[in-house]
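Colleague: Give the three-dimensional model of this entry:
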Amino acid sequence: MKWDRGDGFVADDDVARVDLEVVHGFISTSYWAPGISRELMQKAIDGSLNVGVYDAAGAQVGYARAATDRATFAWIADVFVLESHRGLGLGRFVVSTLLEHPELQGLRRLMLATADAHDLYRSYGFDDPADPSSLLVVQRDAASLYGQA
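Modeller: Numbers count the residues shown, from 1 in each chain. Below you'll find the predicted structure:
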């Protein structure tokens, strides 16, 4: 599916269009997955619902994915806009497009984690869990997982 913003930027959920070089290049230097391998990033892409943002020339400039069963639950992950394209509303475009995707409608729960974009996600209805004591996590050190230890 394609979404046209009307100003030369489009969003597309075609996994074949995802530019692994761009996505891996950004995610491997992120605070949440430093050093992730190309192979692991490709596996994450292959197992997710992906939305890429592309400029008028077709170059990928943004990305977001949902790890989801497409029935009850989705985890929103790896949201970014390249620094060269920030300030143009593309972060909102990619998040809106992903959250409005037909395969994510009617889910019981959507979740995400962020260190720096709470206000953005709150504007879409995300909030702190009503009872955080009900959530559990297995936290593994990304640096050791991705060979950076």
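Colleague: residues in contact with residue 23?
Modeller: By Cβ atoms under 8 Å, 6 or more residues apart in numbering, the contact set of residue 23 is 41, 45, 60, 63, 78. C-betas here are computed from N, CA, C, even on glycine.
Colleague: Below-threshold pLDDT in the protein: ranges please.
Modeller: Counting by pLDDT under 70, the low-confidence segments of the chain come to 142-149.
Colleague: So which residues of this structure form strands?
Modeller: Assigned by DSSP state E, the strands in the chain fall at 2-4, 10-12, 49-54, 60-68, 73-81, 109-112.
Colleague: And those strands: which comes nearest residue 20?
Modeller: Closest approach to residue 20 among these (Cβ to Cβ): strand 60-68, 9.6 Å.
Colleague: Okay, buried residues for the closest one please.
Modeller: By neighbour count on 16 or more other Cβ atoms under 10 Å, the buried set for strand 60-68 is 60, 61, 62, 63, 64, 65, 66, 68.
Colleague: likewise stretch 131-140?
Modeller: Taking 16+ other Cβ under 10 Å as the criterion, stretch 131-140 shows none as buried.
Colleague: Give me the residues contacting that stretch.
Modeller: residue 129.
Colleague: and if we set it to 10 Å?
Modeller: With contacts defined as Cβ atoms under 10 Å, 6 or more residues apart in numbering, stretch 131-140 is touched by 111, 113, 129.
Colleague: Quickly note the distance from the first one to residue 14.
Modeller: For residue 111, the distance to residue 14 (Cβ to Cβ, to the nearest Å) stands at 25 Å.
Colleague: which among the contacts of stretch 131-140 gets closest to residue 54?
Modeller: Checking the contacts of stretch 131-140 against residue 54 by Cβ to Cβ gives residue 113 as the nearest, at 26.0 Å.
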